[in-house]
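S.K.: Show me the folded form of this:
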Amino acid sequence: MSDELDVLLREVDKKKAELGLKELALDVEEAYKERFFYDKVFHSNAIEGNSLTREEVERVLTTDVVIPEKLLSDHLSVVGYRDAMLLAERFTREGTRITEHEIKKLHYRMLIDRQDVSGEYRSYNLMIHGHRPTSYEKVPYKMLQLCDARPSETAHPIESIAYFHLRLEKIHPFGDGNGRVGRLILNTMLEQNGYPSIIVAVEEKKRYFEALGAYDGLDGNPQVKPMQSLVAELVSHQLDELLAL
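M.R.: This is a model prediction of the structure:
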């Protein structure tokens, strides 16, 4: 852990402790959760190119309206992501350990327009931004290895969670939806460790993909710190928002 990241994580844990001593008014908390829910659906899909605006996302999910001149696939993506988020929230409430089974269930729930492949590992190789993820033949073994691994006893939980996210995205187990499922799992793990879930906003897209690319190690030097720092900063920001309520 770098000195800079160490300081940031100490600040995060201090804010987390402060939040634990604070009681939020029920109406304030419910309003925050509702707004944050739609924000998460919007940003995680927008990062992947979904054309629906934040306002349109909320309209689609609350009224089942179809937005004229917007792709049906964009509508189905936000509905599927909403359903997967609700399943992830159940995993959090029940303290469900994230294994291959849970990851596949989230993917199945999310890809409602691709039921032929949803919840199934890909059966072909692909290229992502000039990088070839794990060969499809090795995906089952790599996923088993990832899910069976135990977090480092010396690493901060946020470091371990960010590292898990990096490894999952590098494996890229599915043909589609890897980023969205990966961010759902990242948030589930954060909440299970007592931290607030985060939003990787569209404005952070460039930095987020750069952090993923840094771990790909195309230059022979895979790095985990960029993603760990980004996740820690986003957790810190979310704690600030909650403390300000």
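
S.K.: Could you measure from the closest residue to E4 other than its chain neighbours over to V7?
M.R.: Ranked by Cβ to Cβ, 6 or more residues apart in numbering and with sequence neighbours excluded, the top spatial neighbour of E4 is S229, at 7.5 Å. The way it works is simple: take the backbone N, C-alpha and C, and place the C-beta from them, glycine included. In this structure, S229 and V7 are 11 Å apart, going by Cβ to Cβ, to the nearest Å.

S.K.: Mind telling me what element the residue nearest to E4 is part of?
M.R.: helix 225-244 (DSSP states H and E).

S.K.: So for that helix, what gets flagged as buried?
M.R.: If you call a residue buried by 16 or more other Cβ atoms under 10 Å, then helix 225-244 has these buried ones: 225-239, 242.

S.K.: Count the residues that sit near the closest residue to D83 other than its chain neighbours.
M.R.: Among residues not flanking D83 along the chain, R109 sits closest, at 5.1 Å (Cβ to Cβ, 6+ apart). For R109, the neighbour count with other Cβ atoms under 10 Å is 21.

S.K.: Quick check: mean pLDDT of the helix or strand hosting R109?
M.R.: Using DSSP H and E, R109 sits within helix 100-110. When pLDDT is averaged over helix 100-110, the result is 97.

S.K.: which helices and strands does that helix pack with?
M.R.: helix 72-94, helix 139-148, helix 178-192 (3 or more Cβ pairs under 8 Å, 6 or more residues apart in numbering; DSSP states H and E).

S.K.: Please identify the deepest-packed of the ones you listed.
M.R.: Sort these by mean neighbour count, taking mean count of other Cβ atoms under 10 Å, and helix 178-192 sits at the top with a mean of 23.

S.K.: CA atoms of that helix as PDB?
M.R.: The C-alpha coordinates for helix 178-192 follow below in PDB (Å, rounded to 0.1, in the frame of the first residue of the first chain):
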ATOM      1  CA  ASN A 178     -19.100  -8.000 -17.800                       C
ATOM      2  CA  GLY A 179     -18.600  -4.400 -16.600                       C
ATOM      3  CA  ARG A 180     -22.100  -4.000 -15.400                       C
ATOM      4  CA  VAL A 181     -22.100  -7.300 -13.500                       C
ATOM      5  CA  GLY A 182     -18.600  -6.500 -12.100                       C
ATOM      6  CA  ARG A 183     -19.800  -3.200 -10.700                       C
ATOM      7  CA  LEU A 184     -22.800  -4.900  -9.100                       C
ATOM      8  CA  ILE A 185     -20.500  -7.300  -7.400                       C
ATOM      9  CA  LEU A 186     -18.000  -4.600  -6.400                       C
ATOM     10  CA  ASN A 187     -20.900  -2.700  -4.600                       C
ATOM     11  CA  THR A 188     -22.200  -5.900  -3.000                       C
ATOM     12  CA  MET A 189     -18.800  -6.600  -1.500                       C
ATOM     13  CA  LEU A 190     -18.400  -3.000  -0.300                       C
ATOM     14  CA  GLU A 191     -21.800  -3.100   1.400                       C
ATOM     15  CA  GLN A 192     -21.100  -6.500   3.000                       C
END
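
S.K.: mean confidence score for that helix?
M.R.: Helix 178-192 carries an average pLDDT of 97.

S.K.: Check stretch 141-149 too.
M.R.: 96.

S.K.: circling back: of the buried residues of helix 225-244, closest to R122?
M.R.: Using Cβ to Cβ, M227 is the member of the buried residues of helix 225-244 that lies nearest R122, at 22.8 Å.

S.K.: and the closest one, what does it touch?
M.R.: By Cβ atoms under 8 Å, 6 or more residues apart in numbering, the contact set of M227 is 162-163, 165-166, 211-212, 214-215.
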